[in-house]
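1. The amino acid sequence is not available; the structure is as follows:
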């Protein structure tokens, strides 16, 4: 099914992908041995087949059987294949449920596809370090974390506290339902009644928390027993069908045993690509093996080495494995492992110690994450276009020195048509520099095509007849951005209003994650208040970017969001301000947002929090202000002598808050 679980939808989809066979193909879908629907399938393509969900019971957690036939005549069908798929329809949805989107092979938060990049914490976090560790990961831009060894080590209150801190830091949490401290592979071969009871109690307590991403049900599959894993998965899903179950896969050649020939045993696979030495090309090969039937619809994440735990770890390895993972259809990354001694930052040997390889790898992971989040909407896009990328040096053992994938952006938040951005990414896994050759289909692209290299200061390049050649460094990566509509031309942009804000939609980012023209006014509490300030592509009101703020703690001084143009608006007699901005508060957090004249006078105050309701708390809210001429003259008398008055935003609260589509006009 295209998305699971269903709730109150009337129409669902079944996705069928086949080989390029010469015969006509027919698919039958059965529910409890009754024929639900039959349809013609296009050979060699992915067919999206609508199913009327109103004909099925609700709620239900059942197995549908899809049978594929070759039609030899009007009345002779030859059975070619049969596949069981899980169908779940729940009586109601929950505000913070996570949907598995198999079309894009990712997860969905409130209808918005989610590309996760985060950390696997193998050791138990001491209670006193929960806040600094999770806040540090959140301020560095990661968006999820997995904390092991809490099933038998944390109380329920401790676990809920961890979820609270993570949620305020903008992190989703994967909760382990197995215990790595007991044995290497955390799912016991014999599931005792005590274990069942502990798992059941934990799931029931955490399943409605806004910070929960899902459950980790086994480590190092396929060393586990397939039937045991299936039984465990079914039990967890019976308790909480609103969240996915995760496993880590080692030994990719055996992964098919667990992937759902008789129904799934997990929802998302983390593929362990711990390659030896510097043989980074192995990353793509491991993912390619897993990325086949019956796992070819499942979200796959690359689980990569980003610390010095293994000898193969290096600064090059972090970048190589990250890009190779997404090029081989991973839609998420797990950095393994965040495992340094939990001690105060600044202590020798910690991750902020510049003399350690762990510290440098950690910083490299942070930099690559900023780049990949810039490509986030592309990574989880379902639209692919053929492209040929080679290197001048010729073949490289096991898959070639360069690999590429072309994908196209989609504007998910506003459900508009594609923004038009197309990216091609390439990796040189050879330890020497080379010449990269990119060839597009000349019949599909203009003879002269201007493009940019977004992570090299938006360097301009040009394709001639679909072809580009230029140097690429050893163990280097490269991304080209083609055919991207300017932000001012994207759907929904108001072209009739003279907007005084610079970069009002946060689209211009000279450096990854840094919105041009915007800043935070420094206050005495600045470093204690601000966790992070960056452009973001995960949640957007329109266009490709928004502004993401992570505020560590509440304070009366608040955080002042400024724009370069806001202090340079010339007012004439009778002029007034009209301003607006769209805001999205993270779930479970409340913020006070004020419009402030640059003479430090607040003129409008709004209190915003995640919208309550069973459907979707991820709803943008518009904050507006109108300042009459007499207010400016009365509140800021100096404006009569120096007619330059601006507006800033003062934000108070704790947690993550997004802004988008800012407007500031001077009206008469």
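-> Received the coordinates, thanks. Keep in mind that this is a model prediction, so the values were computed, not measured. Residues are numbered from 1 along each chain as shown.
2. and the residue nearest to residue 516 when sequence neighbours are not counted, backbone torsions?
-> Distances taken as CB to CB, 6 or more residues apart in numbering place residue 508 nearest to residue 516, at 4.1 Å, with adjacent residues excluded. C-betas here are computed from N, CA, C, even on glycine. Main-chain dihedrals, residue 508, degrees, to the nearest 10: phi -80, psi 120.
3. isn't residue 508 right up against residue 517?
-> Yes. With contacts counted by CB atoms under 8 Å, residue 508 reaches residue 517, the gap being 7.0 Å.
4. who's more crowded, the two?
-> Each of residue 508 and residue 517 has its neighbours counted (other CB atoms under 10 Å); residue 508 has more, 18 against 15.
5. Need the per-residue pLDDT for residue 345.
-> Predicted confidence (pLDDT) at residue 345: the value is 45.
6. just residue 169 next, same as before
-> Residue 169 carries a pLDDT value of 91.
7. thought it was touching residue 138?
-> Yes. With contacts counted by CB under 8 Å, residue 169 reaches residue 138, the gap being 2.9 Å.
8. okay, and the common contacts of those two?
-> Both residue 169 and residue 138 are in contact with 531, 550, 656, where contact means CB atoms under 8 Å, 6 or more residues apart in numbering.
9. mind checking how far residue 661 is from residue 500?
-> Applying CB to CB, to the nearest Å, one obtains 14 Å for the distance of residue 661 from residue 500.
10. what do you get for residue 167?
-> 35 Å.
11. higher neighbour count, the two?
-> residue 167 (24 against 21).
12. List the buried residues in the helix or strand that contains that one.
-> Here residue 167, judged by DSSP states H and E, is contained in helix 156-168. For helix 156-168, the neighbour count (16 or more other CB atoms under 10 Å) marks 159, 162-168 as buried.
13. Repeat that for stretch 100-115.
-> Applying 16+ other CB under 10 Å to stretch 100-115 flags 100-110, 112-115 as buried.
14. hey, which helix or strand in the chain has the poorest pLDDT?
-> strand 402-408 (a mean of 50; mean pLDDT, DSSP states H and E).
15. quick one: average pLDDT of the following helix or strand past that strand?
-> Going down the chain from strand 402-408, the next helix or strand is strand 422-428, by DSSP H and E. Strand 422-428 shows an average pLDDT of 85 in the prediction.
16. Show me what strand 422-428 packs onto, helices and strands only.
-> Packed against strand 422-428 by the contact rule (3 or more CB pairs under 8 Å, 6 or more residues apart in numbering; DSSP states H and E) you find helix 315-327, strand 388-391, strand 402-408, strand 434-439, strand 477-482.
17. Please identify the most buried of those.
-> Most buried of the helices and strands packed on strand 422-428 by mean neighbour count (mean count of other CB atoms under 10 Å) is helix 315-327; its value is a mean of 24.
18. tell me the angle it makes with strand 477-482.
-> For helix 315-327 against strand 477-482, the angle by axes from the mean of the first three to the mean of the last three CA atoms, to 10 degrees is 40 degrees.
19. contacting residues around residue 137?
-> Applying CB under 8 Å, 6+ apart to residue 137 gives the contacts 118-119, 145, 169, 171, 338.
20. what does residue 531 give?
-> Contact analysis of residue 531 by CB under 8 Å, 6+ apart lists 135, 138-139, 169, 550-552.
21. By neighbour count, which of the residues you listed wins?
-> For these, counting by other CB under 10 Å, the largest number of neighbours falls to residue 169: 27 neighbours.
22. quick one on the thing from earlier: which members of the buried residues of stretch 100-115 occur in strands, if any?
-> Per DSSP state E, strands hold the following members of the buried residues of stretch 100-115: 100-101, 106-109, 112-114.
23. Format those residues as TSV; extra columns: distance to residue 447 and pLDDT.
-> Listed next are these as TSV, based on distance: CB to CB, whole Å; pLDDT from 0 to 100:
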residue	distance to residue 447	pLDDT
100	43	90
101	37	87
106	36	90
107	41	92
108	39	88
109	42	84
112	37	80
113	34	83
114	39	87
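24. and of these, the nearest to residue 583?
-> Nearest to residue 583 among those is residue 112, at 15.8 Å by CB to CB.
25. This completes my enquiry, with thanks.
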